[in-house]
Every structure is written in C-alpha cells, then in structure tokens.
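Visitor: just the structure for this:
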Amino acid sequence: MGPEKHIIRPYGFEKNSFTPERKTLTRKQQIIAIVAISLAIGAGIGGGIVASAMNHERPVATAETEATQTQSANSEVAVDSVTETAPTTENALDQKTEIYKYNKAMEKYRVMSVDEFQQLTTDEQLLYVQYVIDRTVIGGRYDAIYGKGKQNQSVVDFTPVSIDNSGQEIFDNSTFALQIAYLQIKVTDTGGAEFDLADCQKCLSFVFHDVGKDKIVSNSYTAQNTFMETLDEPIAYNILETVTNTSDLLAGTDENGNNIQYKVLTSLNDNNIMVEGKYIYHEFISYDGTRQATWLLDNYQIKN
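Guide: Next comes the predicted model:
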C-alpha cells in the first residue's frame, strides 16, 4: 500500500503568487510532491456555504485590505454560544458579507501552533477551518487562482454537503478543501504577504478524520503534511480523479466507539491507479453558529 506503487506527475502543484505560472520544483520537492499527490484522496469540504459564492465575481483581497479588515473587526463573537438549527445546504457565502466580524473571535485559533490546534476537539478544529475556507473564498483568492481563463488550473464545482452526496461530489469537495489549504497567506510586519504554513496544515483537519501526532489514520495525511513543510509560497493544487464506485451509506463505530455514518469510494486516477477510501460523514457547529457538515477521510487502500 506504500507510495512506491504510485507514479504521479508532479505538475499537479503549480506556482501561485496570484499568477498561473508553473512552479519549478527542486528534486526533493518533486519526490515529496509525487508522494503527496498520489496519496491525496481527501474528504469533503463542509458547510454547504461555498457553492453560490464561487459563481460571483469578486475583487482579489490584497494583503493590505486583509490587514485593514482584520484591524477594523472589533466585535467579539461568543463562539461557544451557538444556534442549534437543522442541517442545511443553503447557507451561501453571498449571505455572509460580515464574515470579518468573526476575526477577533477566530484570532485565538490563528495564533495557535499546529500541535496546539490538533489537541482541540474535532468540532472546534472544524469551526475554525470553515472560517478560513469562507474567508479565502469571500476574499476572492480562490477565483484569482482557479477562476475562468486561468491556465493549467482545475476548477472544482463545490457541492453542498449531505448524506446523499455522490462519491464524485465527496471526492471533488475534498480536492476543493486541499486547494483552499494551499492558498493560505498571512500579512507580514512590513505589510506584505507570505505563505501561511500553520493555517495550511490546520486546514487538513477538514480533510482527514484524525490528525496530529500519534493519531494518524491515513498516511495520506503524513504525505500532505510533509510536502507542505517544503513550501515557501502558495501553490495551486490540480489533482482530479474519477470515482468509479460508491457504497450505500453505512453505519458503524470509529476507533473510539462513536457511532458513525460513512461511504466507501473507489476512484481511478490518470495513471490507472485504483484506490478505495472510507469517508465519514461529520456534522459540527460552525464559527457563525450554523450547523454544517463534511466528509472526512478515515482510511484508504490501493486496489491494484
């Protein structure tokens, strides 16, 4: 089941810097990229709140505007005080024009080390990453890299999350989550922008069922995490696969004895490598108090 069975083109990762130029990788990065790409079968992005925003034109947020928005967001939000609502798939980002009011409440998660962040409960990790996802899309960064007319880019159609998602929808949402992860930047002391490795790695909590030291279920997580540590700038993530089979919604328990619902997906990449992955459906309360959901990769195995 090791990565030596995979032969994947390393150009799935390309230079970001808000241009579609191809990134030149060192030999070390090429090797890591091959491993990371081949193992990247991901999981769903949750929330059902990204879909419509991706279809709207928005200006690209610069480091300067992001800094201004952060400084002007003085409203403290009681994240622990949530509104219990029925699961919904109709919370569009274009209805969340005041997302920056949550900046102050989310700051405690932003400044955490990755290790500290991974010690939080899964639900608390997910509420922060959902905020990162929404902020990235609202700010226009996704469209700037993956929008219409961009060369060598793979635009993914996000599908609102529900237990009725098809296997391809689950897989594509996973790809979208990883694309968002690799776009993370932070404002420097001089007003510029640089790659935000910590938020990039924190976003993996939206892809994998269990993350952190001694808690790795899928070694795909290790490959992604390792590759991220070689980067010094945002990059584009352009890996698409075809799901050939999806199981019915199944019930069981996880390693901690919790009841779970999951689907088993079989997917095929461009090199005819077939992989079977187990994706757990998980609901959580997001940063804005709405109930959201995601599919998290629990395990996988190579079929050929």
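Visitor: partners of the host helix or strand of Gly252, with directions?
Guide: Under the criterion of DSSP states H and E, Gly252 resides in strand 250-253. Paired neighbours of strand 250-253 in the sheet (DSSP bridges): strand 259-268 (antiparallel).
Visitor: next SSE after the strand it pairs with?
Guide: Next along from strand 259-268, by DSSP H and E: strand 274-285.
Visitor: could you list every helix and strand in contact with the helix or strand following that next one?
Guide: Downstream of strand 274-285, the next assigned helix or strand under DSSP H and E is strand 291-302. Judged by 3 or more Cβ pairs under 8 Å, 6 or more residues apart in numbering; DSSP states H and E, the packing partners of strand 291-302 are helix 122-138, helix 167-181, strand 274-285. C-beta: built from backbone N, CA, C; applies to glycine.
Visitor: rounded mean pLDDT for the last one, please.
Guide: In other words, strand 274-285. Strand 274-285 carries an average pLDDT of 96.
Visitor: looking at the protein, which helix or strand is least sure?
Guide: helix 27-39 (a mean of 35; mean pLDDT, DSSP states H and E).
Visitor: export the helices and strands packed on strand 291-302 to TSV and tack on distance to Ile260 and mean neighbour count?
Guide: What follows is these, written out as TSV (distance: least, Cβ to Cβ, whole Å; neighbours: other Cβ atoms under 10 Å):
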stretch	distance to Ile260	mean neighbour count
helix 122-138	12	22
helix 167-181	15	25
strand 274-285	5	21
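Visitor: Asp298: which of those is closest?
Guide: Across the helices and strands packed on strand 291-302, Asp298 has its closest neighbour in strand 274-285 (4.5 Å, Cβ to Cβ).
Visitor: neighbouring strands - and their directions - for the closest one?
Guide: Under the criterion DSSP bridges, strand 274-285 sits next to strand 259-268 (antiparallel), strand 291-302 (antiparallel) in its sheet.
Visitor: pick the most buried one from those strands.
Guide: Neighbour counts (mean count of other Cβ atoms under 10 Å) averaged over each of those peak at strand 291-302, with a mean of 22.
Visitor: in this protein, which ranges drop under the pLDDT threshold?
Guide: Applying pLDDT under 70 to the chain flags residues 1-97, 148-153, 216.
Visitor: make JSON lines from the helices and strands packed on strand 291-302 and add distance to Pro160 to it.
Guide: Converted to JSON lines, those look like this (distance: least, Cβ to Cβ, whole Å):
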{"stretch": "helix 122-138", "distance to Pro160": "13"}
{"stretch": "helix 167-181", "distance to Pro160": "9"}
{"stretch": "strand 274-285", "distance to Pro160": "13"}
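Visitor: quick check: which of those is nearest to Val187?
Guide: helix 122-138 (12.8 Å).
Visitor: and the closest one, C-alpha only, in PDB?
Guide: Output of helix 122-138 as PDB, limited to C-alpha atoms (Å, rounded to 0.1, in the frame of the first residue of the first chain):
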ATOM      1  CA  THR A 122     -12.600  17.800  16.000                       C
ATOM      2  CA  ASP A 123     -15.600  20.100  16.100                       C
ATOM      3  CA  GLU A 124     -13.500  23.000  17.400                       C
ATOM      4  CA  GLN A 125     -10.900  22.500  14.700                       C
ATOM      5  CA  LEU A 126     -13.600  22.300  12.000                       C
ATOM      6  CA  LEU A 127     -15.300  25.600  13.100                       C
ATOM      7  CA  TYR A 128     -12.000  27.500  12.600                       C
ATOM      8  CA  VAL A 129     -11.100  25.800   9.300                       C
ATOM      9  CA  GLN A 130     -14.600  26.600   8.000                       C
ATOM     10  CA  TYR A 131     -13.900  30.200   8.800                       C
ATOM     11  CA  VAL A 132     -10.600  30.000   6.900                       C
ATOM     12  CA  ILE A 133     -12.400  28.500   3.900                       C
ATOM     13  CA  ASP A 134     -15.100  31.100   3.800                       C
ATOM     14  CA  ARG A 135     -12.700  34.000   4.200                       C
ATOM     15  CA  THR A 136     -10.500  32.600   1.400                       C
ATOM     16  CA  VAL A 137     -13.400  32.400  -1.000                       C
ATOM     17  CA  ILE A 138     -15.000  35.700   0.000                       C
END
